[in-house]
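Student: Whatever this is, show me its structure:
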Amino acid sequence: MMLYISWSDGSLEENRSRNWILCFLLIVLASSLSLHLNQRKWAFVSGNEYMYDMRLH
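Tutor: Predicted coordinates:
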């Protein structure tokens, strides 16, 4: 997956805004992915705590 933008087409300003949009999308994608992984991890941890509580009672 390559996100190269050619500087030949369009104006410099247009490419800069396109780069900002790409950076923003990458940040959103990375944050949502890490959030999803954190949710999975916490569900796993809380599930284990729940099992542990069930064993205690």
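Student: Only C-alpha atoms from now on, for both contacts and neighbour counts.
Tutor: Noted.
Student: low pLDDT regions in the chain?
Tutor: Along the chain, segments meeting pLDDT under 70 span 1-12, 42-57.
Student: For it, which segments count as helices?
Tutor: 12-56 (DSSP state H).
Student: and Trp20, what is it in contact with?
Tutor: Shown in contact with Trp20 (C-alpha atoms under 8 Å, 6 or more residues apart in numbering): no residues.
Student: could you redo the last one with a cut-off of 10 Å?
Tutor: Applying C-alpha atoms under 10 Å, 6 or more residues apart in numbering, we find Trp20 in contact with 14, 26.
Student: Distance of it relative to Leu37?
Tutor: 26 Å (C-alpha to C-alpha, to the nearest Å).
Student: before we move on, what about Arg16?
Tutor: The spacing between Arg16 and Leu37, counted by C-alpha to C-alpha, is 31 Å.
Student: Also Glu13?
Tutor: 36 Å.
Student: Give me the more crowded residue out of the two.
Tutor: Counted by other C-alpha atoms under 10 Å, Glu13 and Leu37 do not tie: Leu37 has more neighbours, with 12 against 9.
Student: count of residues packed around Leu22?
Tutor: Leu22 has 14 nearby residues by other C-alpha under 10 Å.
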